[in-house]
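>>> Coordinates for the following, if possible.
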Amino acid sequence: MDKVIQRLRERAKVDPRVIVFPEADDERVVEAVKRIEEEGIAKPLLLTQDNLEPERQEEFANLFFERKQAKGVTFEEARELMENPLYYGTMLTRYGHAEGFVAGAKFTTSSVIRSALSCLEVDKQAGIVSSCFIMAVPNCSYGERGVFIYADCGVIPYPTSEQLANIAISCARFSRDVLEITPRVALLSFSTKGSAEGRWVDKIKEAVEIAKGKNSGFLIDGELQGDSALVESVAARKLGESQVAGKANVLIFPNLDAGNICYKLTQRLANARAIGPIVLGTLQPCSDLSRGCEVEDIIDCAAVTVIRAQKRNKP
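Now for the predicted structure:
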């Protein structure tokens, strides 16, 4: 598990990128930025009210207003938003002055996601903006030697079948590109292959069919209960042949309640590292943070954001 996390930082150091941190009033962020710069993980830009450039604020206000005026946003509202380091930092990322941003130590997840949706470009290939966590569980033989992707834990409260399918594929792509693992994606339920019935089960079944119909090339299966997804002996008793059941390393939860509760329980009860939420579905990479994050979590999120920027701009 530690090797996976350490490798993220080492890969970021190979080609560090400019990453914005808009929470200079949080001591954890300040300490993390210091370490990130010292270790060469990224080229951090820590925003304060003193280094927001007035000319650039005006430029960003105009750009934001041009894009949003049809939705009723006034120039005064756009100008006021650019006084906020979060929106200013997101616009720096959107227009190429930085290659990613990390926020959420003090800003709520809803604020970070709102800024990303308002300012960044949406990746049409992903089809939806969602989020995931990298979960690293010590002394665990399940998943990828204790490493998992959990999703969605931060954005979509009640995803439709189509949205679940897109989340599954986005997470698989992220796992392959960032963690460099072969994703085995399980869509979770309280049912395993028809052991229970009802509309909630039907939604997961439909999501699996939609995901497979997109011909992404990823290994995706469901509906699976948690033990069927993780434990090979249980999977062998409950269902037939599957390339995912008993070996899953990407877990897709049926709704935000389940995802958020499970990641926090895993983090606290299993002493797991939780890196994220990492925002998926925007062209420019960004990461949210839990407000309960530690300095190490911020550094790891920065490393992930750098790697995603490297992948995006790879010749």
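>>> Please count neighbours and contacts with C-alpha atoms only from this point.
OK.
>>> number of nearby residues for residue 118?
16 (other Cα atoms under 10 Å).
>>> got it, and the one 5 residues further on?
As a burial measure, residue 123 scores 14 neighbours (other Cα under 10 Å).
>>> Tell me who's in contact with the residue nearest to residue 82 when sequence neighbours are not counted.
Spatial nearest neighbour of residue 82, excluding adjacent residues (Cα to Cα, 6 or more residues apart in numbering): residue 88 at 5.1 Å. Residue 88 makes contact with 52, 57, 60, 81, 82, according to Cα atoms under 8 Å, 6 or more residues apart in numbering.
>>> Name only those of those that count as buried.
With neighbours counted using 16 or more other Cα atoms under 10 Å, those contain these buried positions: 52, 57, 60, 81, 82.
>>> Identify the residue nearest the geometric centre of this protein.
residue 278 (2.0 Å; Cα atoms, centre = their mean).
>>> which SS class is that residue?
Classification of residue 278 by DSSP: H, G, I helix; E, B strand; the rest coil places it in strand.
>>> For the stretch 151-300 of the chain, which segments count as helices?
Secondary structure of the stretch 151-300 of the chain (DSSP state H, counting those that start in this stretch): helices at 161-174, 199-213, 226-230, 232-238, 256-269, 295-312.
>>> my guess is the residue nearest to the centre of the chain contacts residue 132, does it?
Yes: at 5.3 Å, residue 278 counts as touching residue 132 under the criterion of Cα atoms under 8 Å.
>>> Skipping its backbone neighbours, what lies nearest residue 45 in space?
Nearest to residue 45 is residue 20, by Cα to Cα, 6+ apart, at 4.7 Å.
>>> Double-check the one you found against residue 97; I have them as touching.
No: counting by Cα under 8 Å, residue 20 sits too far from residue 97 to count as a contact (9.5 Å).
>>> Identify all residues paired with the residue nearest to the centre of the chain through a beta bridge.
Here residue 278 sits in beta bridges with residue 132, residue 287, as judged by DSSP bridges.
>>> can you pull the contacts of it?
131, 132, 133, 286, 287, 288, 289, 301.
>>> quick one on the thing from earlier: and which of the contacts of residue 88 is nearest residue 193?
Distance to residue 193, by Cα to Cα, is smallest for residue 81 among the contacts of residue 88, at 48.6 Å.
>>> Please give me every residue in contact with the closest one.
Residue 81 neighbours (Cα under 8 Å, 6+ apart): 61, 87, 88.
>>> ok, back up a step: so what sits against both of residue 20 and residue 97?
In contact with both residue 20 and residue 97: no residue, using Cα under 8 Å, 6+ apart.
>>> Of the two, which one has the most company?
For the pair residue 20 and residue 97, the greater number of neighbours falls to residue 20 (29 against 14), based on other Cα under 10 Å.
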